[in-house]
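*Asks:* can't give you the sequence, but here's the structure:
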């Protein structure tokens, strides 16, 4: 069974949340000392390069690296002296690409403020099948992002068919909504970061369906 992790990102309302974060960072005053933009897509890297002309006063402090943000961020974290360094990291993935090990590395610095755009409705909720736990490939992707397989016990309820005298093996069905998933994520983040905001804003589309946390 296959899944396109980019499902839903052709929707205009979803795309709006993913555009403009680099520009917002460069427009902030007072400015940051250094800017590091990481992008896997060569085409998007080319677009980011244009920002050096749009913001010439930031050009000398702006670095654009092509590649996997998981690998580059972990390497970058290891190269810094966190007794002297502070940073703001904004992760706005085009899907469920952020690995828990990346978040864990950021949290261990005690010097990073993280803003995470979590693919709630456009990612995790789509993989949480209702009548049974997700297939293995989907489950592994969720586990990589949440850093534990315990989500299955939290998100699924076991219904014993034996109680009904039917003699079938117990089955599991989904017993969580986006509020429960959000609470679970915040709890997980609290285990690796010094402090986590107790509430997170849910970004909805025009139909009041959750897109991101």
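*Replies:* Done, it's in. The structure displayed is predicted, hence computed values, not measured ones.

*Asks:* not counting sequence-adjacent ones, nearest residue to the most centrally placed residue in the chain?
*Replies:* Residue closest to the mean C-alpha point of the chain, counted by C-alpha atoms, centre = their mean, is residue 118 at 3.8 Å. In this structure, residue 118 finds its nearest non-sequential neighbour in residue 213, 4.2 Å apart by C-beta to C-beta, 6 or more residues apart in numbering. Bear in mind the C-beta positions are built from the backbone N, C-alpha and C, glycine included.

*Asks:* equivalent analysis for residue 106, please.
*Replies:* Residue 106 sits nearest to residue 112 (C-beta to C-beta, 6+ apart), 4.7 Å away.

*Asks:* which of the helices or strands spans residue 158?
*Replies:* strand 156-159 (DSSP states H and E).

*Asks:* would you map the strands across the chain?
*Replies:* 35-39, 62-66, 87-91, 112-116, 156-159, 171-174, 203-204, 210-212 (DSSP state E).

*Asks:* in CSV: those strands, plus mean neighbour count and distance to residue 129.
*Replies:* CSV is the format used below for the strands of the chain (neighbours: other C-beta atoms under 10 Å; distance: least, C-beta to C-beta, whole Å):
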stretch, mean neighbour count, distance to residue 129
strand 35-39, 18, 32
strand 62-66, 16, 35
strand 87-91, 16, 26
strand 112-116, 16, 24
strand 156-159, 14, 10
strand 171-174, 15, 7
strand 203-204, 16, 23
strand 210-212, 21, 17
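
*Asks:* just send those strands back as JSON lines, with distance to residue 187 too.
*Replies:* Output for the strands of the chain, formatted as JSON lines (distance: least, C-beta to C-beta, whole Å):
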{"stretch": "strand 35-39", "distance to residue 187": "27"}
{"stretch": "strand 62-66", "distance to residue 187": "32"}
{"stretch": "strand 87-91", "distance to residue 187": "19"}
{"stretch": "strand 112-116", "distance to residue 187": "14"}
{"stretch": "strand 156-159", "distance to residue 187": "17"}
{"stretch": "strand 171-174", "distance to residue 187": "19"}
{"stretch": "strand 203-204", "distance to residue 187": "20"}
{"stretch": "strand 210-212", "distance to residue 187": "18"}
